[in-house]
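Asks: 3D model of this:
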Amino acid sequence: MSKGYPITPPHDSSNNAVSSSTRQRRPATPKAANPESANAVADKTDAAPVTFTELGVPSILTDRLRAEGKTEAFPIQKDTLPDTLAGRDVLGRGKTGSGKTLAFAIPMVTRLSESGAAGRKKGRLPRGLILAPTRELATQITNVVDPLAQAYGMSTTTIFGGVKQRRQEIALSAGVDIVVACPGRLEDLLQQGLISLDDIEVTVLDEADHMADLGFLPGVTRILAKTPEHGQRMFFSATLDNGVDKLVRRFLHNEIRHSVDDPNSHVSAMTHHVFEVADEDKNDLIQRLASGTGRRILFTRTKHRAKRFTRQLTAQGIPAVDLHGNLSQGARDRNLAAFSEGNVRVLVATDVAARGVHVDSVELVVHVDPPTEHKAYLHRSGRTARAGSSGEVVTIMLPGERKDTMVLLRKAAIKVTPQKVTAESPVVTDLVGETADYVDPQIAIQAAAEKQKAEQSQGGQRSSGRRRGGRGGNSRRSGENSRGGDNSRSGESGRGGQSGGRNSRNASGGRTARNNSQGSRSGGNAQEGRPAANGRGSRSGAGASGNRRSEGTRSSTRGNTGNRRGSDNRGTSAETRGRHRSQGSSGGSRTVYSSNS
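Replies: Below you'll find the model as predicted:
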């Protein structure tokens, strides 16, 4: 652990846990003349707390941090900030919950504020790029970076998949200074020409080892290759295996390495327990561990089990929400917000929440299903005892899982003796502490439904003017009448004068014939005709004006006497349809192009 020096990357980086002060140094680097010895530097790391002001952080940012109760730097921040603020490339290695986000957010915002005026023009290209492996981590990073960027009048946006990209396009076209992105969606936007990385000055790669675990490194490599070669780059990774070392050698220049922890280290304020329980008693033990008054996260191995335990706990009077890959992004955000805001105390999650989800005061993490890999154990456990606080971690194992679980803990460097327990064992009672009040399941479900409905009603009050072919509401662009409502686009009579639906014989006073357009509607004043024969008739509403036909067929109108149509447009050739359109145009009324809404 040291205030690092530029060094040559080792050949065997997967086992590289040696302090940077003991590695071979490059002979001609700016840091080579540093007179401090390795022991002196190590003592400095363990010295009294250092404030952000003492580290050279601008006052406008220290004021913002102080307002959030952050005045003293954590070890990873104390080690890296002097170098990152000076513009150096840095490789930082630290355990989960060590404060890495602020370690790169502060220097990025500071450099961008000095290099150019924020908000200089509409459509400006981004100047800062942060890559994260998951949507949850990207959102968490944005929550940290955005307040600092706003202090300088800079804007941020988040780019990831699983949601419609239209909002992301709008944000980019309006101009943005910092982009926090997941590799997949960012590559999509790059291929579509909707974003350029030509102006990137600072690039951050967070959780690089997790990127490798998820198979994202090829995409990350292509993205980094599109950024300017001489910009500042900061990589943060727990380990350098699985190809991360190749990224370091290719994209970092004369970097300084800082390692404040061994890759397999765990938080000293974290207490680990291993409870061995019979299969028939496991559900009771889970319910007992979840019944406390504080926040707790339960990790399962599969999405199905996460959903099942969420329903089971809620039915037992313990409101819980789930977090897993099958949920939409909106559902993920709602559930995580409910947990963060204290509306529910229990979050049941798969490993999708093992990184990047930082919720204050999580007092207990329960491995309902032991993970299959020791790094996953450490990252799951890292949801508690964050930022200097303490926490408890419980691993539940069945008798048949004992061997694999002990191997897992040994690889994670966790020394703990398993205990055979039931839900009523004294050690479990002491760990849970005070039991929370019972919450009627119907009340919990109703409250969640009302909150979701309120959020949807707030989010749904968007202008529908961009939508094509809405069925109602005030979405018309111009004109008087509409297609079954107030959503016509142009013309006083919608799109087609007095045209009706497909196969209608709407001459004045004529009858409305059988109409096969699926989902269309008849109503209003259909030229005094009678309704469609099969109930699935034309959308001839509000005077039968401006109707747009379903199933991609087209109709044309002539004069004010009704519809002019061919025998049946289905199956006709492009030439025939073109002739019909030209004939309809010559009749004095413009051609109507209809499509399925």
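Asks: all strands for the stretch 1-150 of the chain, in order.
Replies: Using DSSP state E, counting those that start in this stretch, the strands of the stretch 1-150 of the chain run over residues 90-93, 128-131.
Asks: Quick check: can you name the pairing partners of the first one and their directions?
Replies: According to DSSP bridges, the neighbouring strands of strand 90-93, each with its direction, are strand 232-236 (parallel), strand 256-259 (parallel).
Asks: Serialize the ones you listed to JSON lines and add fields for mean pLDDT, distance to Pro183 and mean neighbour count.
Replies: C-beta coordinates here come from the backbone N, C-alpha and C atoms, glycine included. Converted to JSON lines, these look like this (pLDDT from 0 to 100; distance: least, CB to CB, whole Å; neighbours: other CB atoms under 10 Å):
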{"stretch": "strand 232-236", "mean pLDDT": "95", "distance to Pro183": "14", "mean neighbour count": "24"}
{"stretch": "strand 256-259", "mean pLDDT": "89", "distance to Pro183": "24", "mean neighbour count": "25"}
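Asks: how about JSON lines for these, with distance to Cys182 added?
Replies: Converted to JSON lines, the strands paired with strand 90-93 look like this (distance: least, CB to CB, whole Å):
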{"stretch": "strand 232-236", "distance to Cys182": "16"}
{"stretch": "strand 256-259", "distance to Cys182": "25"}
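Asks: for these, which one sits closest to Phe160?
Replies: Nearest to Phe160 among the strands paired with strand 90-93 is strand 232-236; the distance by CB to CB comes to 18.6 Å.
Asks: The helix or strand just after the closest one vs strand 232-236, what angle?
Replies: Using DSSP states H and E, the helix or strand that follows strand 232-236 in sequence is helix 244-251. Interaxial angle, helix 244-251 versus strand 232-236 (axes from the mean of the first three to the mean of the last three CA atoms, to 10 degrees): 170 degrees.
Asks: who does helix 244-251 touch, helix- and strand-wise?
Replies: Judged by 3 or more CB pairs under 8 Å, 6 or more residues apart in numbering; DSSP states H and E, the packing partners of helix 244-251 are helix 208-213, helix 217-225, strand 232-236.
Asks: Provide the contact partners of the last one at residue level.
Replies: With contacts defined as CB atoms under 8 Å, 6 or more residues apart in numbering, strand 232-236 is touched by 80, 84, 87-94, 100, 103-104, 107-108, 111, 201-208, 224, 227, 244, 247-248, 251-253, 255.
Asks: the inter-axis angle of it versus helix 217-225?
Replies: Relative orientation of strand 232-236 and helix 217-225, computed by the same axes, to 10 degrees: 160 degrees.
Asks: Begin at 42 from now on, thanks
Replies: Yes, from this point I'll number from 42; that puts the last item at strand 273-277.
Asks: returning to what we had before: from the contacts of strand 273-277, list just the buried residues.
Replies: Of the members of those, the ones counted as buried by neighbours, 16 or more other CB atoms under 10 Å, are 121, 125, 129-135, 141, 144-145, 148-149, 152, 242-249, 265, 268, 285, 288-289, 292-293, 296.
Asks: quick one on the thing from earlier: which of the helices and strands packed on helix 285-292 sits closest to Leu178?
Replies: So among those, helix 249-254 is nearest, using CB to CB, at 8.3 Å.
Asks: if I read this right, Asn295 contacts Leu132, doesn't it?
Replies: No: checked against CB atoms under 8 Å, the pair Asn295 and Leu132 is beyond contact range at 11.3 Å.
Asks: Can you name the residues that contact Ser402?
Replies: 335-336, 430.
Asks: Compare the residues you listed and tell me which is most surrounded.
Replies: Within these, neighbour counts (other CB atoms under 10 Å) peak at Arg336, which reaches 21 neighbours.
Asks: Spatially, what comes nearest to that residue if we skip its sequence neighbours?
Replies: Val403 (4.8 Å; CB to CB, 6 or more residues apart in numbering).
Asks: re earlier: can you redo the helices and strands packed on helix 285-292 as TSV with distance to Asn376?
Replies: Output for the helices and strands packed on helix 285-292, formatted as TSV (distance: least, CB to CB, whole Å):
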stretch	distance to Asn376
helix 249-254	21
helix 258-266	28
strand 273-277	27
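Asks: Please identify which of those is closest to Ala395.
Replies: Evaluated with CB to CB, these place helix 249-254 nearest to Ala395, the distance being 8.9 Å.
Asks: what stretches of the stretch 292-441 of the chain score poorly on pLDDT?
Replies: Residue ranges of the stretch 292-441 of the chain with pLDDT under 70: 302-309, 394, 396-397, 428-429.
Asks: those strands in it, which residues are they?
Replies: With DSSP E, counting those that start in this stretch as the criterion, the stretch 292-441 of the chain has strands spanning 297-300, 311-317, 336-340, 361-364, 387-390, 403-408, 432-438.
Asks: where's the closest residue to Arg176 other than its chain neighbours relative to Val185, distance?
Replies: The shortest distance from Arg176 to any non-neighbouring residue, by CB to CB, 6+ apart, is to Phe201 (4.5 Å). As judged by CB to CB, to the nearest Å, Phe201 and Val185 stand 16 Å apart.
Asks: Just want to know which of the two has more residues nearby.
Replies: Just comparing Phe201 and Val185: by other CB under 10 Å the higher neighbour count belongs to Phe201, 22 against 17.
Asks: Which residue ranges make up the domains of the chain?
Replies: 54-300, 311-494, 512-638 (automatic domain parsing).
Asks: Show the backbone phi and psi for the closest residue to Leu419 other than its chain neighbours.
Replies: For Leu419, ignoring the flanking residues on the chain, the nearest one in space by CB to CB, 6+ apart is Ala453 at 5.6 Å. Backbone torsions for Ala453, taken as degrees, to the nearest 10, come to phi -80, psi 0.
Asks: All set, thanks.
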